[in-house]
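Trainee: pasting the sequence and the predicted model now:
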Amino acid sequence: MRESSSDLPERPAGPYTRSRPLPPYRGVLAVDAKDFTGRPAIEHEGVSRAVPALLKTALARAELRDLWDDRRFPASTGDGYVFGFDPARMPFVVHPLLFTLQEVLADYNVLSHGALPIRLRASLHIGPLPDTGDEFGGNGTARNDTHRLLDSRPVKAVLASHKENVTHVAAILSDRCYEDAVAGGYTGRHPDHFVEVAATVEGKPFSQRAWIYVPQPSGPLYEEPAGAGAAAPAVPDAAPAPVNGGEADRKVRNSAPNGNINTGTVHGGQSVGNYHVAGDHVEGNKAGRVRGFQGDQVRGDKNQGRR
C-alpha cells in the first residue's frame, strides 16, 4: 500500500526563501585521539570509552562539572568525542580546562602500565547550531568546521612533533573563538600563548585562520608569515647564501639533544642557534618567527650583551 503524504517526513525549509530566527549559539568542543587507527583493534573500544571519561575527569578537576552535566548534542566519534555548551563559558574551556586536560592525560599515561598513551587533539569553535535535544541536534556549519579544525594540518603536525612523554594535548581555536574569548581579554591566558596558523585539511576544500595553543609544549612552533599557507612545526632553513669560491651550497638542518639546531648553508661556515621552548630566546638565522608558547619573541640585536 502506498503511504499517504501525511506519513512522509517534513521537507526541510530551503535557504534564502524567508527570514527565520537563528538557532541558539553554542560553544563546541571536539577531541580526537592521536594514532587511533594505528592501534590494534582490541584497543579501540577501550580508547573510545576512555576519551569521554578523561574529559569528564578534567572538567570536574577544573570545577566545570556543570558543563558535562549540561552538555548538548554529545556524541562519540569512535576515536574522539564532541559536545556543545553555553558559549558564555568558552573562556573557561580555553583555560583552565585545556591545561587541566593535559594534567589528567599526563597522570593517566603514567599509570597506563606500558599501554600506548592517549594523546588528544582538541578544537574549539562558536556558532549557531540547532539544539533540538534529539539525535539530529547540533548539526550545522559550526560543528562541521569544528571537526575540520580538528583534522587540520597544523594541529596534527604540532602534536606529532612534540614529545609524547611531555605534551599530551594540542588545541586549535577557530578565529571567532580566539577573537571573542582570548583577544577580548576574557580568558586567563595571554594572547602570546597562541600562534596564528592557516588551518587546511588534506583533500578537503577547507581553509580558515585559526590559532594553536599547547598547554605544555615540548618543541618549537614555526609561524609562517601571513599568506604563506598552512603553518607547520619546524625550524626554518636559513636564507640561501651566494656560492662561495665556486663551491655548491648545501642546506644543513640538523638537530641535537637539548634543543640545539644547526641551520644554514655550508660554504665554509654554518649558523647555529639554540632553540628553546616555553619562553627562552632564539638566536641565529631565522625566517618568519619562531615562538615559545609562553609568549616570548625575539626582537632587537640578538647578540646584545654577548660582544
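Mentor: Alright, I've got the coordinates.
Trainee: what bits of the stretch 1-150 of the chain have low per-residue confidence?
Mentor: Scanning the stretch 1-150 of the chain for pLDDT under 70 picks out the ranges 1-6, 37-38, 113-114.
Trainee: which stretches in it count as helices?
Mentor: Taking DSSP state H, counting those that start in this stretch, the helices of the stretch 1-150 of the chain run over residues 41-61, 65-69, 90-92, 98-110, 141-150.
Trainee: and the contacts of the third one?
Mentor: With CB atoms under 8 Å, 6 or more residues apart in numbering as the test, helix 90-92 has contacts from 27, 62, 64, 124, 126, 177, 180, 181, 186, 187, 188. The way it works is simple: take the backbone N, C-alpha and C, and place the C-beta from them, glycine included.
Trainee: mind giving me the ChimeraX command for buried ones among the residues you listed?
Mentor: The buried residues among the contacts of helix 90-92 can be selected in ChimeraX (16 or more other CB atoms under 10 Å) with this line:
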select :27,62,64,124,126,177,180,181,187
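Trainee: which of the contacts of helix 90-92 lies closest to residue 147?
Mentor: Residue 147 lies nearest to residue 124 out of these, by CB to CB, at 12.0 Å.
Trainee: how many residues are close by the residue lying closest to residue 148 once chain neighbours are set aside?
Mentor: Leaving aside its sequence neighbours, residue 148 sits nearest to residue 206 (CB to CB, 6 or more residues apart in numbering; 4.6 Å). Residue 206 has 16 neighbouring residues, counting by other CB atoms under 10 Å.
Trainee: with adjacent residues omitted, what lies nearest to residue 62?
Mentor: Residue 62 sits nearest to residue 100 (CB to CB, 6+ apart), 4.2 Å away.
Trainee: what's around the one you found, how many residues?
Mentor: Neighbours of residue 100 under the rule other CB under 10 Å: 20.
Trainee: next: the one 10 residues further on.
Mentor: Applying other CB under 10 Å, we find 10 other residues in the vicinity of residue 110.
Trainee: now do it against residue 12, distance only.
Mentor: 49 Å (CB to CB, to the nearest Å).
Trainee: same deal with residue 96?
Mentor: Counting by CB to CB, the gap from residue 96 to residue 12 is 40 Å.
Trainee: then residue 201?
Mentor: Residue 201 is 26 Å from residue 12, by CB to CB.
Trainee: what kind of secondary structure is residue 154 in?
Mentor: At residue 154 the chain is in helix, as set by DSSP: H, G, I helix; E, B strand; the rest coil.
Trainee: that one contacts residue 212, doesn't it?
Mentor: Yes. With contacts counted by CB atoms under 8 Å, residue 154 reaches residue 212, the gap being 5.8 Å.
Trainee: and residue 69, how many neighbours?
Mentor: The burial count assigned to residue 69 is 9, neighbours taken as other CB under 10 Å.
Trainee: I meant to write residue 198 there.
Mentor: Residues lying near residue 198 (other CB under 10 Å) number 18.
Trainee: residue 135 versus that one, what's the distance?
Mentor: Taken as CB to CB, the span from residue 198 to residue 135 is 34 Å.
Trainee: just residue 211 next, same as before
Mentor: Taking CB to CB, one finds residue 211 at 32 Å from residue 135.
Trainee: who's more crowded, these two?
Mentor: residue 211 (25 against 9).
Trainee: quick check: pLDDT value at that one.
Mentor: Per-residue pLDDT puts residue 211 at 98.
Trainee: contacts only, for it.
Mentor: Neighbouring residues of residue 211 by CB under 8 Å, 6+ apart: 172, 173, 174, 175, 177, 178, 182, 194, 195, 196, 197.
Trainee: one more time with 6 Å
Mentor: Residues in contact with residue 211 (CB atoms under 6 Å, 6 or more residues apart in numbering) are 173, 178, 194, 196.
Trainee: out of these, which is most surrounded?
Mentor: In those, the most neighbours by other CB under 10 Å go to residue 173, 29 neighbours.
Trainee: what about it, distance to residue 145?
Mentor: Residue 173 is 12 Å from residue 145, by CB to CB.
Trainee: and if you look at residue 104?
Mentor: For residue 104, the distance to residue 145 equals 26 Å [CB to CB].
Trainee: which one of these two has more residues nearby?
Mentor: residue 104 (24 against 20).
Trainee: confirm for me that that one is in contact with residue 57.
Mentor: Yes. Residue 104 lies in contact with residue 57 (CB atoms under 6 Å); the separation is 5.3 Å.
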